[in-house]
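1. What would the 3D arrangement of this be:
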Amino acid sequence: MRKNIISILILLILAMQLISFSKALEPTPPQSEETSEVQVGLYLLNLGKFDIATGSFTADFYLDFQCEEKCPPFDFEFMNGRASSMEKIIDEDNEKFYRIQANLNSPVNLRSFPFDRQEMQIIIEDKKSTRDTLIYVPNNEETGIDESITFTGWSLGQWTAEEREHDYIVYDESYSQYVLTIPIERIKINSILKTFLPVIFILLVMLTGFFLDTDKILTRLTMAGSALVACVMFHISISNQIPPVGYLTFADKFMVLTYLIVLLSFGLNVIMLKLQDFKKKELVDKIHRYTEYSMFIIVAILYALLFAFGM
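-> Sure thing, here's the model as predicted:
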């Protein structure tokens, strides 16, 4: 009897040890981490030349990270470029302050060229911490652009800073991004003088040919042909200012309309020349009277419609 009791006790002890051992092998559930907010301020000191072909530019700025208590571990990177130099000026528990020079790039949209408006962006994202654990919060009080910055050929707009959610669908992860956007816009008076004014004068010279008498139709044809050649050469010069794109820019639309006007002028003069060969002088004189001043009005209306609806 005593042996049976001892055997039962031994079995109970072994069973309890097996149960405790199996519990020790079970994976411990991950502890939920609190989401930390990091205040981000960025003060821009200098901007390098904006390359319209690639959208690349250089930026020199101060970058400030502030936390209410102790900052969580974070390791940021630039999503639209790389830092060429980075100097840590302040390294405290609740603040990290850097002086950074970076080579960045932004998407380029040239549909409205030469009245295009581009956006220069600085995008920061953490390498490891997801949005569940780290969120960048824009600190507008510590953000700004130095007044000494000048951008030749462009005018700087009002900057905006925001926090975005960047989803990686493949990895089922989401990260917080800090995005500083600086809009730049071409100076309109420069665009008009350099792009459209030469073409307008070429057309004015051609249209004055409609004031010539009907016996000068060959001279009119020569003026229209010369205007066409000049417009083609000028269009090539404009196109060389921007990279090849898969859509028509506003300058392309302007030049296409110019070609149609020159073609219309050339066609009218050819028709009048043929009518002269058929001895229909009255009809030629009638067309001359109708087109002598109306061509100027028609051309003005066509360009007005382009500027109103083609931008």
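
2. how about the helices in the stretch 201-311 of the chain?
-> All helices of the stretch 201-311 of the chain, identified by DSSP state H, counting those that start in this stretch, fall at 217-239, 250-277, 281-309.

3. Now do the shortest one: everything it contacts.
-> This means helix 217-239. The list of residues contacting helix 217-239 from outside it, by CB atoms under 8 Å, 6 or more residues apart in numbering, reads 114, 195, 198-199, 202-203, 205-206, 209-210, 212, 251-252, 255, 258-259, 262-263, 265-266, 269-270, 272-273, 276. The way it works is simple: take the backbone N, C-alpha and C, and place the C-beta from them, glycine included.

4. residue ranges with poor pLDDT in the stretch 1-150 of the chain?
-> Applying pLDDT under 70 to the stretch 1-150 of the chain flags residues 1-33.

5. TSV for the helices of the stretch 201-311 of the chain, including mean pLDDT and mean neighbour count?
-> TSV is the format used below for the helices of the stretch 201-311 of the chain (pLDDT from 0 to 100; neighbours: other CB atoms under 10 Å):
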stretch	mean pLDDT	mean neighbour count
helix 217-239	92	16
helix 250-277	93	17
helix 281-309	91	13
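
6. Quick check: the closest residue to Val270 other than its chain neighbours vs Tyr259, distance?
-> Counting by CB to CB, 6 or more residues apart in numbering, Val270 lies nearest to Leu221, which is 7.1 Å off, once chain neighbours are set aside. Leu221 sits 16 Å away from Tyr259, going by CB to CB, to the nearest Å.

7. now swap in Lys128 and tell me
-> 57 Å.

8. One more: Leu248?
-> According to CB to CB, Leu248 stands 13 Å off from Tyr259.

9. Kindly report the same for Met206.
-> 12 Å.

10. now the helices for the stretch 1-150 of the chain?
-> Using DSSP H, counting those that start in this stretch, helices in the stretch 1-150 of the chain cover 2-25.

11. Tell me where it has strands.
-> Along the stretch 1-150 of the chain, the stretches classed as strands by DSSP state E, counting those that start in this stretch are 36-47, 56-66, 76-78, 81-92, 95-105, 117-126, 134-138, 144-145.

12. Reformat the ones you listed as a markdown table; add distance to Ala304 and mean neighbour count.
-> Shown next, in a markdown table, are these (distance: least, CB to CB, whole Å; neighbours: other CB atoms under 10 Å):
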| stretch | distance to Ala304 | mean neighbour count |
| --- | --- | --- |
| strand 36-47 | 36 | 19 |
| strand 56-66 | 36 | 20 |
| strand 76-78 | 45 | 17 |
| strand 81-92 | 42 | 12 |
| strand 95-105 | 37 | 17 |
| strand 117-126 | 22 | 20 |
| strand 134-138 | 42 | 19 |
| strand 144-145 | 37 | 16 |
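
13. If the residue lying closest to Ser85 once chain neighbours are set aside is in a bridge, with which residues?
-> Once flanking residues are discounted, Ser85 sits nearest to Gln101: 4.6 Å by CB to CB, 6+ apart. Here Gln101 sits in beta bridges with Asp60, Ser85, going by DSSP bridges.

14. can you tell me which residues contact Gln101?
-> Thr58, Ala59, Asp60, Ala83, Ser84, Ser85, Met86 are the contacts of Gln101 under CB under 8 Å, 6+ apart.

15. Pretty sure the third one sits against Asn46.
-> Spelled out, it's Asp60. Yes - if you go by CB atoms under 8 Å, Asp60 and Asn46 touch, sitting 4.1 Å apart.
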